[in-house]
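**Student:** Give me a model of this one.
(chains A and B)
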Amino acid sequence: RKEVEQDPGPFNVPEGATVAFNCTYSNSASQSFFWYRQDCRKEPKLLMSVYSSGNEDGRFTAQLNRASQYISLLIRDSKLSDSATYLCVVNGLTGGGNKLTFGTGTQLKVEL
Amino acid sequence: NAGVTQTPKFRVLKTGQSMTLLCAQDMNHEYMYWYRQDPGMGLRLIHYSVGEGTTAKGEVPDGYNVSRLKKQNFLLGLESAAPSQTSVYFCASSPVSLNQPQHFGDGTRLSIL
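**Tutor:** Okay, here's the model as predicted:
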């Protein structure tokens, strides 16, 4: 089983739609969770952290379910500019340092 | 506000050649990392450093060496490049806290012929 698993997509949605991505992780000791956004041929950029109680940033809502070991990202009122690959990232306790494990990403395409 | 800067941006090498990729950060971060990203594979950790003068192996360290002589710089070396090392390489840095995310440079596209 992969440490972090995501549906690769692509998710093709019309502008204005609501779309949700899920991500599962295998290390029950993981402490920190993030969603990153990566545009084509660009570096990953932090979209938002994921907190235990769930958190919202504008049109974006992130949730964590520790019991089932998954995190989710909800995007409301999708914009064309939301088209990108969304990476689920889990910060584990394995090894030394601040090691992140990245999912392979879910591709979102927002269309007119 | 430069953040994390990688040089070069692009490079083409012949098999067997050597080169060094440079990563510099101006955020006074303790931790630095080198990743490679290949289609369908996601980001994979090559080597990382938890402080000046220290380095450690990541998930895919073979064929690479690193050095962290100064806190702000993290160098990735390929001693004898192979076509399997054709990839996009990203450097990242982060503060000490586990709850802080990593900040990425804009990548180096490396092709080995």
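
**Student:** CA only for contacts and neighbour counts going forward, please
**Tutor:** Noted.

**Student:** number of nearby residues for the residue lying closest to residue B:86 once chain neighbours are set aside?
**Tutor:** Counting by CA to CA, 6 or more residues apart in numbering or on different chains, residue B:111 is the residue found nearest to residue B:86 once chain neighbours are left out, at 4.6 Å. Applying other CA atoms under 10 Å in any protein chain shown, we find 19 residues neighbouring residue B:111.

**Student:** Confirm residue B:111 sits in a strand?
**Tutor:** Yes - applying DSSP: H, G, I helix; E, B strand; the rest coil, one finds residue B:111 inside a strand.

**Student:** check contacts around it.
**Tutor:** B:11, B:12, B:13, B:83, B:85, B:86, B:87 (CA atoms under 8 Å, 6 or more residues apart in numbering or on different chains).

**Student:** any idea which of those residues is closest to residue A:22?
**Tutor:** Nearest to residue A:22 out of the contacts of residue B:111 is residue B:87 (CA to CA; 27.3 Å).

**Student:** I'd say that closest one and residue B:35 touch.
**Tutor:** No - in this structure residue B:87 lies outside contact range of residue B:35 using CA atoms under 8 Å: 9.8 Å.

**Student:** Most proximal residue of chain B with respect to chain A?
**Tutor:** residue B:42 (4.2 Å; CA to the nearest CA).

**Student:** residue contacts, the spatially closest residue to that residue that is not a sequence neighbour?
**Tutor:** Distances taken as CA to CA, 6+ apart put residue A:104 closest to residue B:42, at 4.2 Å, once the chain neighbours are dropped. Residues in contact with residue A:104 (CA under 8 Å, 6+ apart) are A:5, A:6, A:8, A:87, A:88, B:40, B:41, B:42, B:43.

**Student:** Tell me the secondary structure of the fourth one, please.
**Tutor:** Yep, that's residue A:87 we're talking about. Residue A:87 ends up strand, using three-state DSSP.

**Student:** host element of the residue nearest the centre of chain B?
**Tutor:** By CA atoms, centre = their mean, chain B has its centre lying nearest to residue B:34, at 2.8 Å. Residue B:34 is located in strand B:31-38, with elements delineated by DSSP states H and E.

**Student:** Give me the sheet partners of the strand or helix carrying residue B:75 and which way each runs.
**Tutor:** Assigned by DSSP H and E, residue B:75 belongs to strand B:73-78. Note on strand B:73-78: by DSSP bridges, its sheet partners are strand B:19-25 (antiparallel), strand B:64-67 (antiparallel).

**Student:** just to revisit the earlier point, can you tell me which of the contacts of residue B:111 are buried?
**Tutor:** Neighbour-count burial (16 or more other CA atoms under 10 Å in any protein chain shown) applied to the contacts of residue B:111 gives B:13, B:85, B:86, B:87.

**Student:** What distance do you get for the last one to residue A:77?
**Tutor:** Going from residue B:87 to residue A:77 by CA to CA, to the nearest Å gives 35 Å.

**Student:** got it, and the third one?
**Tutor:** Plainly put, residue B:86 is 38 Å away from residue A:77 if you go by CA to CA.

**Student:** And the contacts of residue B:111, which is closest to residue B:102?
**Tutor:** residue B:87 (20.3 Å).

**Student:** Next one: that closest one, what pLDDT does it get?
**Tutor:** Residue B:87 is assigned a predicted lDDT (pLDDT) of 97.

**Student:** got the residues of chain B near chain A?
**Tutor:** B:31, B:40-44, B:49-50, B:90, B:94, B:96-99, B:101-107 (CA under 8 Å from any CA of the partner chain).

**Student:** I'm done for today, thanks for sticking with me.
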